[in-house]
Each structure stands twice: as C-alpha cells, then as structure tokens.
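Novice: requesting a structural model of the entry that follows:
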Amino acid sequence: MRDFKHSLLNYSIKRLLQGIPLIILVVLFSFAIIQFAPGEPISLIAGGDDMTQEQIDYLTEQWGLDQPIHIQMWRYCTKMLRFDLGISYRQARPVLDIILERLPYTLLLLIPSLLIATVIGVSVGVYCATHMHSTGDSVMTVAALTGYSVPLFWVGQMLILIFAMKLSWFPVSGISDLRSQAQGLAKVWDVFLHLVLPGLSLIFSYSAMIIRVMRTKMAEVLQTDFIKTARAKGLPESKVIWGHGLRNALAPVVTVVGMELATMVMGATVVETVFGYPGTGRLIFTAISNRDYPLIAGMFFFISVGVILANVLVDILYAVLDPQVRYN
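Specialist: Model prediction:
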C-alpha cells in the first residue's frame with residue numbers, strides 16, 4: 001500500500017510539472033493575442049479616434065506600449081505570475097475582477113451539468129451494454145448519436161421554443177427574475193428554474209459521448225475472463241456488473257470526461273449566449289464583439305489553465321482507477 005501511495009504521489013508530481021510548460025505557452029499565446037490582434041490599441045482604449053497627439057502619447061506611455069516588444073512581454077509574464085491579467089479596454093477595470101464576478105454563475109451551470117451528464121452517461125451506457133441489441137439499447141443508441149451530432153445552439157433554441165415559449169414551464173433567459181423580490185427558498189427555486197433549460201442543453205449534448213464510450217467499454221469488460229469467473233462463483237448479477245465490471249470500464253470514461261471539459265467550456269459560451277446567461281461564456285462573446293483584447297486574453301489564460309489542471313486531476317484519477325497504469 002505504501003509503494004502504491006509513493007508511486008501515485010510521484011506520478012501526480014510528474015503530471016503537475018508537465019503542465020507548467022503548457023501554462024507558459026498559454027501565457028505567451030495570451031500576449032500574442034493582444035499584440036497581433038487587429039485594430040489600434042490606443043483607439044480601442046480611448047473608445048474613439050478623435051484624440052490629440054498629446055493624448056495618444058500619454059496613453060501610450062501609461063499602458064507601456066512605447067516599450068520594446070520583449071520588455072512588454074516580460075512585464076506581461078511577470079504580471080501573469082501575480083494573476084494580474086491586465087485592465088479591460090472597454091470596462092476600464094481589472095480583468096481578473098470581471099472574470100471572478102462571472103465565474104460563479106458558470107460553475108453553477110457547468111459542475112451540476114457535468115455531474116448529471118456523467119451519471120446519466122454511465123448508467124445508460126451500462127444498461128445498453130447489458131441489453132445489447134434490445135429495443136431499449138437501440139433507442140438509447142440513436143438518442144446518443146443524435147445528441148452527439150446535433151449543434152448545441154439548435155438544442156438550446158428548441159428547448160426555448162418548446163418549454164419556454166409554447167408550454168411556459170421555464171423562463172427564457174437570465175439567472176433570475178429581475179422583477180421578483182423573492183428571498184430564501186423562493187429565490188433558490190427561481191434560480192433553479194433559470195438553470196434548467198441551459199443545463200439540459202449541456203447534459204443532452206455531453207452525456208451522448210459518455211454513453212457511447214461506456215457502452216463499448218462495458219461490453220468488452222463483460223466478455224473478460226474475470227467476469228465469467230465471478231459469475232461462475234455464483235455472485236449476484238448486480239454485483240458482477242456494478243461491483244466488478246464498472247470499475248474496470250470507468251477508466252476510459254474518466255478520460256472522455258477530461259477531454260469534454262474543454263469542449264464543455266466552449267459549449268457554455270454558446271449556451272450562455274443563447275439563453276442570455278450571465279456567465280463567463282457570454283463574457284467571452286461580449287469581449288470578442290467589443291474587441292476587448294485584454295479581457296479575451298485573460299479569459300483564454302484563465303480557461304486554459306483551468307482545463308490543464310482539470311486534465312491533470314483526471315489523469316491522476318485514471319491512475320487510481322486503472323491498476324495497470326504504472327507510475328514510473
């Protein structure tokens with residue numbers, strides 16, 4: 001047991017260290033976004049072109065744009081190490097403050113959606129694998145293929161059309177009813193109703209891949225010798241499937257969930273825009289529309305680092321689940 005913990009710790013440290021060069025590349029790419037983006041930075045900062053030469057010179061000096069490119073890059077990287085993501089051109093506020101204002105809303109949408117999508121994907125995938133070629137398996141397989149193929153924005157629009165416009169079961173957009181003075185549980189219920197449709201959009205799309213992977217892997221595991229041995233010993237079928245088979249089939253699913261994190265963050269941009277949800281996804285869309293390059297670069301850095309760290313954690317979890325992984 002001690003050797004296992006020691007090897008797992010070494011593996012975890014190794015994966016974290018491997019993420020450092022990626023983070024450095026992300027910082028450099030964020031700097032490149034600002035430097036090589038179209039448009040004159042000074043005009044974007046000032047919000048117009050009607051400026052005197054004195055004003056241009058003052059703003060150029062204030063923002064450090066008169067320095068050589070390598071000096072600007074060094075200053076940018078050192079600021080990033082202090083999590084100083086710069087100042088928004090349009091809002092004239094620290095980028096980090098703007099992101100942290102919106103981040104809780106995105107996490108409130110993404111984390112439950114990812115957890116529910118994983119539970120549904122694993123459960124349905126196990127059902128399909130244990131009922132191969134049945135009617136239920138065929139229906140679920142078609143549904144998973146549909147969820148994987150249909151564009152996310154179309155799913156969101158259909159949910160709005162059916163459940164918000166036609167049936168009036170859920171609100172169309174936002175995070176809460178601005179006209180409501182509800183407090184306590186009534187406020188929580190109001191927020192929950194606003195989360196249902198964007199959450200369903202993400203769940204429908206991202207559970208599809210998990211279902212397909214889980215169905216394939218579970219079907220392979222159920223044909224292995226150790227499963228046949230467990231059945232020969234007279235163990236209950238539920239224990240064979242959920243106790244023995246599931247653990248060995250989960251590792252690829254963990255990898256898929258890690259891969260889905262990046263696409264889910266990008267999917268959140270689409271969903272938040274469709275539903276007018278005030279998260280970081282909509283913030284990215286607004287920043288791009290306004291050509292607010294420091295905010296775009298800051299969001300890119302923030303999301304990229306988050307995805308890198310999440311994938312490191314997924315790799316560590318994969319190592320815990322799969323006994324065949326070696327940590328040398």
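Novice: ok, V265 to G147 distance?
Specialist: According to C-beta to C-beta, to the nearest Å, V265 stands 18 Å off from G147. All C-beta atoms are positioned from the backbone trio N, CA, C, and that covers glycine.
Novice: near T78, how many other residues are there?
Specialist: When neighbours are counted by other C-beta atoms under 10 Å, T78 registers 10.
Novice: nope, G136 is what I meant
Specialist: Close neighbours of G136, defined as other C-beta under 10 Å, add up to 11.
Novice: and the one 5 residues further on, by the same measure?
Specialist: T141 has 17 neighbouring residues, counting by other C-beta under 10 Å.
Novice: which element, helix or strand, includes it?
Specialist: helix 135-149 (DSSP states H and E).
Novice: how far away is K239 from S88?
Specialist: For K239, the distance to S88 - C-beta to C-beta - is 56 Å.
Novice: about what we covered before: what's downstream of the helix holding T141, the next helix or strand?
Specialist: Remark: after helix 135-149, the chain's next helix or strand is helix 152-159, criterion DSSP H and E.
Novice: just the CA atoms of that next one, as PDB, please.
Specialist: Provided in PDB are the C-alpha atoms of helix 152-159 (Å, rounded to 0.1, in the frame of the first residue of the first chain):
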ATOM      1  CA  LEU A 152     -25.700  22.800 -29.200                       C
ATOM      2  CA  PHE A 153     -27.200  26.100 -30.200                       C
ATOM      3  CA  TRP A 154     -30.000  24.300 -32.000                       C
ATOM      4  CA  VAL A 155     -30.800  22.200 -28.900                       C
ATOM      5  CA  GLY A 156     -31.000  25.300 -26.800                       C
ATOM      6  CA  GLN A 157     -33.300  27.100 -29.300                       C
ATOM      7  CA  MET A 158     -35.600  24.100 -29.500                       C
ATOM      8  CA  LEU A 159     -35.800  23.900 -25.700                       C
END
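Novice: quick check: next helix or strand after that helix?
Specialist: Following helix 152-159 in sequence, per DSSP H and E, is helix 185-221.
Novice: hey, which helix or strand in this structure has the poorest pLDDT?
Specialist: helix 41-46 (a mean of 56; mean pLDDT, DSSP states H and E).
Novice: Y277: neighbour count?
Specialist: Neighbours of Y277 under the rule other C-beta under 10 Å: 24.
Novice: tell me, what residue is most central in this structure?
Specialist: Of all residues in the chain, the one closest to the mean position by C-alpha atoms, centre = their mean is V265, 3.1 Å from it.
Novice: show me the shaky parts of the chain.
Specialist: For the chain, residues meeting the criterion pLDDT under 70 lie at 1-9, 11, 33-67, 178, 180, 182, 259-260, 262-263, 266, 318-328.
Novice: one step back: remind me what the helix holding T141 packs against, helices and strands.
Specialist: When contacts are defined as 3 or more C-beta pairs under 8 Å, 6 or more residues apart in numbering; DSSP states H and E, helix 135-149 packs onto helix 95-130, helix 185-221.
Novice: could those be laid out in a markdown table, adding mean neighbour count?
Specialist: Listed next are these as a markdown table, based on neighbours: other C-beta atoms under 10 Å:
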| stretch | mean neighbour count |
| --- | --- |
| helix 95-130 | 19 |
| helix 185-221 | 20 |
